[in-house]
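[1] Sequence and predicted structure are below.
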Amino acid sequence: MSEQWGNSIREVNQLPEDRKQAIYRTLLPDWIYPTYNIDPDTLAVDGYPAVRFRCPSGSRALEISVYRYATDRDPALYLNMADTFNNQLLVLLVVMNNPDGPRFNVDIDMNGNPTHLGTTGRNLAAEEAAMQYGLAPGQIRSGLRSFRNAVPLFEQFVSKLGHDMFLIEPLAYHNAIIFERYGFSYMRGQREMLRIHQEFQPGGELHAKLSDDRVFRPLDAWKTIRGRSWAIHDGILGHAYTGFQMYKRVGIHAGIQTFPDSVW
């Protein structure tokens, strides 16, 4: 099968449209069809396309967006994968939104400009509301808690492309901890994750920066994954949370825990 597919997204993108879409459909979880009434043959809902592929010939990237309704503002499922320059497979972003949950406009600032997940701007009022609702940094809606089911699909996909591992980049602290739980290890950043855990302990540098006077850094934030992530998003490290890269070997759980016995 890997000979038919090639061994990179770029090679798949060179294939005829029907062939490459058939390949990329293997990344879609089975539950989306009955959940969103998507026709598995036409990938449409009431005649309108529900699944959108962006995989132009010549590109090293793949984007898949799944919408419950054609008029929905946000996809229920979004996946962005790409080839790296040394021919590895990288998951750039995977988002699973609950389209029935309330939306928090953390992705745009008060002037309507994109915040790029808080890296170029912030909407503090929307972030506070999202945090109070129980969301983590960067979430515009509650998630579907389905990433666990996506990992085997990624593994199957990369295996059929002739690879035994794939990369992923955690965009926030909570992402990294979740990826650890699903068997990922670190290409870059494990030592920093261990340092962060240590400094959040009582007596540590980050713990000393917590205060109930700071909305996103309350005194008890160090106790939970989500609390730490909001504090880090708020700049408690003194710099942005960047430079982390993780990987998953097919069929292997790495057993990494940089925040032992953590709770959400």
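    Arrived safely. Numbers count the residues shown, from 1 in each chain.

[2] check contacts around Phe216.
    127-128, 131, 230-231, 233-234 (C-beta atoms under 8 Å, 6 or more residues apart in numbering). Every C-beta, even on glycine, is put in place using the N, C-alpha and C of the backbone.

[3] Filter the residues you listed down to the buried ones, ChimeraX style.
    One line in ChimeraX is enough to select the buried members of the contacts of Phe216, burial here meaning 16 or more other C-beta atoms under 10 Å:
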select :127,131,230,231,233,234
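
[4] Any chance you could list what contacts the strand or helix carrying Gln21?
    Assessed by DSSP states H and E, Gln21 sits inside helix 17-24. Helix 17-24 is touched from outside by 5, 12-13, 15, 53, 55, 62, 64, with contacts defined as C-beta under 8 Å, 6+ apart.

[5] can those residues go into CSV with extra columns for pLDDT?
    Converted to CSV, the contacts of helix 17-24 look like this (pLDDT from 0 to 100):
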residue, pLDDT
Trp5, 82
Val12, 96
Asn13, 96
Leu15, 94
Phe53, 97
Cys55, 97
Leu62, 97
Ile64, 97
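
[6] Can you check what pLDDT the model gives the residue nearest to the spatial centre of the chain?
    The chain has Val94 as the residue nearest its centroid, 3.9 Å off, counting by C-alpha atoms, centre = their mean. If you check Val94, the pLDDT there is 92.

[7] And for Thr120?
    For Thr120, the predicted pLDDT is 83.

[8] Assign a three-state SS to it, would you?
    coil (DSSP: H, G, I helix; E, B strand; the rest coil).
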